[in-house]
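[1] After the sequence you'll find the predicted model.
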Amino acid sequence: MKILKFDLAKFRWANKYTLTILCFIVWIVFLDSKHSIVKQYKLNRQINELKENKSDYLIKLEEAKMEYKDLTSNQEKYAREKYFISKDGEDVYIIE
């Protein structure tokens with residue numbers, strides 16, 4: 001029966017320092033739940049999506065402010081155009 005010998009002399013790079021660094025890298029990349037690189041990548045991607053959404057919401061906010069300003073200054077005009085409200089005896093014709 002032949003016994004296999006494991007000779008560390010063939011693996012000069014496999015000392016305690018490189019093995020410790022390798023274990024640390026594996027821990028940080030995959031196993032650490034708070035600071036893993038995979039999780040950091042996902043969080044950065046989510047941050048970028050939220051920044052894009054922020055600009056969209058700022059545009060919508062400006063539109064809402066303009067509409068509110070128009071509503072407060074011209075309530076009758078706004079009601080006639082938006083909701084087709086008319087006075088008694090008036091006919092409303094919608095032209096598109």
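    In hand now; what should we look at? Numbers count the residues shown, from 1 in each chain.
[2] where does residue 90 land in three-state SS?
    Recorded secondary structure, residue 90: coil (DSSP: H, G, I helix; E, B strand; the rest coil).
[3] Could you check the pLDDT of it?
    Model confidence at residue 90, given as pLDDT, is 80.
[4] what's the answer for residue 31, then?
    78.
[5] Next one: it from residue 41, what distance?
    16 Å (CB to CB, to the nearest Å). Yep, even glycine has a C-beta here, placed from its N, CA and C like the rest.
[6] Equivalent analysis for residue 19, please.
    Taking CB to CB, one finds residue 19 at 26 Å from residue 41.
[7] can you check residue 17 too?
    According to CB to CB, residue 17 and residue 41 sit 28 Å apart.
[8] what about the longest helix along the chain, average pLDDT?
    Using DSSP state H to assign secondary structure, the helix with the most residues in the chain is helix 37-73. Averaging pLDDT along helix 37-73 yields 91.
[9] Tell me the helices and strands packed up against that helix.
    Packed against helix 37-73, as judged by 3 or more CB pairs under 8 Å, 6 or more residues apart in numbering; DSSP states H and E, are no other helices or strands.
[10] quick one, the following helix or strand past it and helix 37-73 angle?
    Counting by DSSP states H and E, the element after helix 37-73 in chain order, helix or strand, is helix 75-83. Here the directions of helix 75-83 and helix 37-73 differ by 120 degrees (axes from the mean of the first three to the mean of the last three CA atoms, to 10 degrees).
[11] Identify each buried residue in helix 75-83, please.
    Buried residues in helix 75-83, counted by 16 or more other CB atoms under 10 Å: none are found.
[12] For residue 16, what are phi and psi?
    Main-chain torsions, residue 16, degrees, to the nearest 10: phi -70, psi -30.
[13] That one: how many residues sit nearby?
    As a burial measure, residue 16 scores 7 neighbours (other CB atoms under 10 Å).
[14] again with residue 29
    Around residue 29 there are 11 residues (other CB under 10 Å).
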